[in-house]
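Asker: Got a predicted structure here, sequence first:
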Amino acid sequence: MRLLQRLPSGTYELTHFDHDDPPPYAILSHTWEEGQEVSYQELIAGAGRDKTGFEKIRFCGERAEADRLQYFWVDTCCIDKTNTGELDTAINYMFRWYQRSSKCYVYLSDVSVEDHDPAAFPIIWADAFRRSRWFTRGWTLQELMAPCSVEFFSREGKRLGSKITLERQIHDITRIPISALRGQDLAKFSVEERMSWVTSRTTSVKEDRAYCLLGIFGVFLPVIRGEGEEHAMRRLKKEIQEQQKEIETEQTSSGSYNTQRLQTTRPSHTIPFRRDPDFVDRCTLLDELKERCSTPAARVALVGVGGVGKSQLAIEHCYRTHEASPGMWVLWAHASSTARLEQSFHDIANRVKIEGRRDSQVNIFRLVHDWMCDTDERWLLVLDNVDDTDFLFDAQATTSKMAAKPLQEYLPYCAHGCVLITTRNKEAALQLVEQRDIMALNPMNALQARTLLTKKLGVQATSSNATELTELATVLEHMPLALVQAAAYISQRAPLCSVAQYLDQFRKSERKRTSLLSYDKDHLRRDREAKNSIITTWQISFEYIQQTRPSAADLLSLMSFFDRQGIPKDVLQTQAEDQEGKVNRKLDEARAGRNGHDKRVQFECNDCDVEEQLGEFEIDVEDQLRNDSADASEDNNSEDNDSEDGTFFEDVTALRNFSFISVSTDGKTFEMHALVQLSMRTWLAANGKLGRYKEQFINKLCMVFPTGEYENWIACQALFAHAKAATGHKPAGASSLVQWATLLYRAAWYAECKGNAGEAEVLATQSLKARKKVLGRDHEDTIWGIAMVANAYSLAGRWEEAEKLEVQVMEIRKTKLGADHPHTLTGMNNLALTYWNQGRWKEAEELQVQVMEIRKRKLGADHPDTLTGVNNLALTYWDQGRWEESEKLEVQVMETLKKKHGADHPHTLSSMSNLASTYRNQGRWEEAEKLDVQVMEIRKTKLGADHPDTLIGMGNLALTYMNQGRWEEAEKLGVQVMELRKTKLGADHPDTLTGMHNLAFTWKSLAKNAEAMDLMQEICGYNFL
């Protein structure tokens, strides 16, 4: 036979192969279009590319390539129809060619699916599929029946489904029994029934109505062109009768081994587990598995993390296979070790009643292998739990008498057999199957998980609402074993335990979650050696990785402390920082930063790592850090780096093989299941290693998490979730606790800059408590921690609490550092702004003037800190109605900031916003509007639409519209500001109330008196209008 191959140049090449030994190939099934098909001669000549038939060749080649098949066959051009002998041979071999194909692609030129997903919208093409000409042609009958894998495609090349997924529709169209479509031996069907399958079909050449049935009946006939249908049919029926007589004679006289065995043993199964009545069908998984297993000599591996449902899927597939094909053997083998596999093969031999099985010296593996190869019956062999394949590839002794050959050689490749493997380890799977034969199993989706819970809980589910079931499924990450485990726990304790109570317990603490997930109740459909708690199941895999690749176990241990998503590769590869590197980095860091959370307010923060303020205790901590990292290698040459990269890549591959982690498409971040992380930390605690990896995680994250200034926001954003995760991993050692506090301080700084008052407060408060404990109340880093908590209070509008802390900070710094020290001035500035927010203008002005004058003298007029002071003083003038003084300072600040930072820097935008407010109060509406619009648009892009600063800009523009009498525009912005502030800041935040008041005034001006009154009553509780 000739096979096509698509060359890199886009051309096609024909290659001859032996009929009985071709390489794997795909084959096309289609209906011919007169004058538009590409012939053998045209293909050889490179012609015919303008014909519609050439698109079919291109389609088949692309599909074959996608299925990793090098060769494909298309009847129009792979057969030289001008050669009569070749054509006659092709007619007799056609069924076999389709039967031996790895894939058959049915191209339906009269079924169109243009803009829709065929799988999602089958109703669009269902009618055209039913009426397709393909189902009316004679030759397409064998093209449907012969291949194991048949896939249907629309004219556009979109996959509609397969012979398996569309079997009900195909049965309704053709009336061919489903069992025949599923691959049952055609000889099991009567001659009359098989003849009926072609009754409604037509052929272009009359005698072809007989020839197209040759393969259906397994006979051969000389081709006589022009003999007509009647004569051809008569010859066909005569050949069928002769064939049946020969079979009957042979069966009567031979008494063959197979015949004797069939009389005593009917095909059965050795599935060691009961079928699960609560099994949840996970979309197309079973259909896909069925289709993969139906190909000749199929090998398929179900790969996924422990507890994801591999064995359960295999069990259900086995039962469905046994139901659909009762003449097929369904065999199950436990493959976790040599001993268990050997016992399973003995069980198979006993069930099948293979002769010689009771011989104590027999090689049971060879005996079963030979039976599988020799039997005429189809079989499915499941190898369950093949997590370690070493024993399959080592020639080792068993209780049987064996030849010294690896056990994997006793797993046959037979056209009538299929081997299905379940394993947690992708590397193990790849030693037995090709990459394309792997089916990766993921956790269930939300609906499937809730359905499984409902089934397993039974009557208990009726007392729980859908929200509770959904929440439980979510916290258990839709992992089947965890869901079954939780349902068993609840059911066993009912009515004392409900879904809601389980959720409450689960959320209490990590210790309680560990306890619940360690619940181990016997599972009727799990191997007796397998653990029934999700945590123990995974820990077995951890221990295997620890033994076989310790560096991968170290990596997984470290990753278990991060947030489960977006774990940065660069952070994982960061080396521990020694004393010298840490101090040098401190010298390079900014001593003071600024962040603004209000249109008129710019609070000042500072990184806690200030080199000049290192106290004696902190020096001791740094010495300890140096000692902790003394074993680190100092050789950073490229060869070592390449070696480390290679090791890291291999570690990642090992963890991916066990489905413990996944990698982003750009290869820069990783993701884990939260339950895997919890299980890993539990395992570390049990082995006395939790503290070590916790400190390593904090050290690495602290090294890379930058200060909260605007320039660092992209880096902060990527790391922020991991810093929040660190709040749950407080270390015990003093040195690590200092790093932990530093990390949380920087994260709080970033959260405050982004306007997240709640997160900023939580992070800053935890950081402050740790610093007080380790460094003492008067340490400068502790003072910075107090200031950060005060900033968080201010952002939330809690002015009195903020003032109390800021007075404390200012007084301590005056005493310890002096009145004109930069840190003291920072504290004075923040206190002045708190006075300003409370309307205490004189007190605010007094402090601000002091700060500004000292900074001008010590730092210079254009220093960022000086400009901050000038800006804040201008705002105080603004609130006192001193417009000209305010404008003069604001213009000075704005122009300087534009030169230093650019027009889109947050500090520059704050100054522009302040100047616009001054213009507005002077009645200079157009100038105010121009600045307000510019500020609002840039902030939306840079900060986001719901950032407090963006909302201030929107509110200011609304005020400008109000002053111009543009009420509809003011209303639109006012409503947006109110709703976003309620969500972001809360309904009782001062800024929210201010925006509500402005909106009420707008509604009053638009004669929407009822709405305005309702809003004012919401603010004040009574009517001001």
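Answerer: It's in. Quick caveat: nothing in here was measured; it's all calculated off a predicted structure. Residues are numbered from 1 along each chain as shown.
Asker: And the pLDDT for residue 984?
Answerer: Looking at residue 984, its pLDDT is 82.
Asker: For the closest residue in space to it that isn't next to it in sequence, give its distance to residue 985.
Answerer: Excluding the flanking residues, the one nearest residue 984 by Cβ to Cβ, 6 or more residues apart in numbering is residue 946, at 5.2 Å. Every residue, glycine included, has its C-beta placed from N, CA and C. Counting by Cβ to Cβ, to the nearest Å, the gap from residue 946 to residue 985 is 10 Å.
Asker: Looking at these two now, which is surrounded by more residues?
Answerer: residue 985 (24 against 16; other Cβ atoms under 10 Å).
Asker: name the helices or strands packed onto the biggest helix by length in the chain?
Answerer: Longest helix of the chain, by residue count under DSSP state H: helix 228-254. Contacts defined by 3 or more Cβ pairs under 8 Å, 6 or more residues apart in numbering; DSSP states H and E place helix 228-254 against helix 191-196, helix 208-211, helix 214-217.
Asker: who touches the second one?
Answerer: Taking Cβ atoms under 8 Å, 6 or more residues apart in numbering as the criterion, the residues outside helix 208-211 that touch it are 91, 138-139, 198, 201-203, 221, 223, 229, 232-233, 235-236.
Asker: Among the residues you listed, name the buried ones.
Answerer: Listed as buried from the contacts of helix 208-211 are 91, 138-139, 198, 201, 203, 221, 223, 232-233, 235-236; burial here means 16 or more other Cβ atoms under 10 Å.
Asker: So what's the gap between the helix or strand that contains residue 738 and the chain middle?
Answerer: Element membership for residue 738 (DSSP states H and E) is helix 734-753. Centre-to-centre, helix 734-753 and its host chain are 30 Å apart (Cα atoms, centre = their mean, to the nearest Å).
Asker: Kindly report the same for stretch 448-456.
Answerer: Worked out by Cα atoms, centre = their mean, stretch 448-456 lies 22 Å from the chain centre.
Asker: any weak-confidence spans in the stretch 151-300 of the chain?
Answerer: 247, 250-265 (pLDDT under 70).
Asker: can you list the domains in this protein?
Answerer: Per the record's domain assignment (automatic domain parsing), the chain is made up of the domains 2-184, 285-440, 908-1020.
Asker: picking that back up, include distance to residue 500 and mean neighbour count when you put the helices and strands packed on helix 228-254 into CSV, please.
Answerer: Below are the helices and strands packed on helix 228-254 laid out as CSV (distance: least, Cβ to Cβ, whole Å; neighbours: other Cβ atoms under 10 Å):
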stretch, distance to residue 500, mean neighbour count
helix 191-196, 58, 14
helix 208-211, 68, 22
helix 214-217, 61, 21
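Asker: mind listing what's buried in the helix holding residue 738?
Answerer: Using 16+ other Cβ under 10 Å as the test for burial, helix 734-753 gives 734-753.
Asker: and if you look at stretch 448-466?
Answerer: Under the neighbour-count criterion of 16+ other Cβ under 10 Å, stretch 448-466 has 448-457, 460-461, 464 buried.
Asker: can you list those in TSV and add pLDDT and distance to residue 678?
Answerer: TSV is the format used below for the buried residues of stretch 448-466 (pLDDT from 0 to 100; distance: Cβ to Cβ, whole Å):
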residue	pLDDT	distance to residue 678
448	91	22
449	92	18
450	91	22
451	91	25
452	91	21
453	91	20
454	90	25
455	89	25
456	87	22
457	88	23
460	74	25
461	76	25
464	78	24
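Asker: quick check, nearest of these to residue 1002?
Answerer: residue 450 (45.8 Å; Cβ to Cβ).
Asker: Let me see the contact set for the closest one.
Answerer: 466, 469-470, 473 are the contacts of residue 450 under Cβ under 8 Å, 6+ apart.
Asker: Report the contact partners of residue 187.
Answerer: residue 218.
Asker: Try it again at 10 Å.
Answerer: Residues in contact with residue 187 (Cβ atoms under 10 Å, 6 or more residues apart in numbering) are 194, 217-218, 243-244, 247.
Asker: quick one: which of these is nearest residue 702?
Answerer: Closest to residue 702, out of all of those and judged by Cβ to Cβ, is residue 218, at 74.3 Å.
Asker: Please report how far the closest one lies from residue 197.
Answerer: Taken as Cβ to Cβ, the span from residue 218 to residue 197 is 15 Å.
Asker: between the two, who's got more neighbours?
Answerer: residue 197 (21 against 13).
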